[in-house]
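A.B. asks: Need a 3D model of the following:
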Amino acid sequence: MTDYSTKRIAIRFCTPQVIDLIEKLPRGYKSMIIESALTTYLNSEIGQRLTDQLKLRKKQLDSISKSVKPPKPYKPSKPEKEFLRNQLNGDF
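C.D. replies: Sure thing, here's the model as predicted:
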């Protein structure tokens, strides 16, 4: 948890029905109602199961990504060019 009394968080809504419902709310009440609805849902039994499933899925994905490292691609070594004196030009 953060120690902030308030924190600004940007959330993108994609469902037109949800967007319409939010836009119909009176000015000054949008964040309060969204916060209340989110708190109620996440504290419910279904919300708790959802958050537990999401945490478990993230934990599994993190462990898979850490344990599986792709092999490094094979890079053939560059052939060394033989140094020839007659290739030098200029005054030395």
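A.B. asks: Just want the most central residue of the chain.
C.D. replies: What sits nearest the mean C-alpha location of the chain, by Cα atoms, centre = their mean, is Lys58, with 10.8 Å.
A.B. asks: element containing that one, please.
C.D. replies: helix 45-67 (DSSP states H and E).
A.B. asks: which other residues reach the helix or strand bottoming out on mean pLDDT in the chain?
C.D. replies: Ranking every helix and strand in the chain by mean pLDDT, DSSP states H and E puts helix 45-67 at the bottom, with a mean of 86. Identification of contacts with helix 45-67 by Cβ atoms under 8 Å, 6 or more residues apart in numbering yields 41-42. For the C-beta atoms, the positions are set from N, CA and C on the backbone; glycine is no exception.
A.B. asks: Next, the contact list for Leu25, please.
C.D. replies: Ile33.
A.B. asks: neighbours of Ile22, just the number please.
C.D. replies: Using other Cβ atoms under 10 Å, Ile22 has 14 other residues around it.
A.B. asks: Measure how buried the spatially closest residue to it that is not a sequence neighbour is and give me the count.
C.D. replies: For Ile22, ignoring the flanking residues on the chain, the nearest one in space by Cβ to Cβ, 6 or more residues apart in numbering is Lys30 at 6.0 Å. Residue neighbour count, defined by other Cβ under 10 Å, stands at 13 for Lys30.
A.B. asks: Nothing else from me, thank you.
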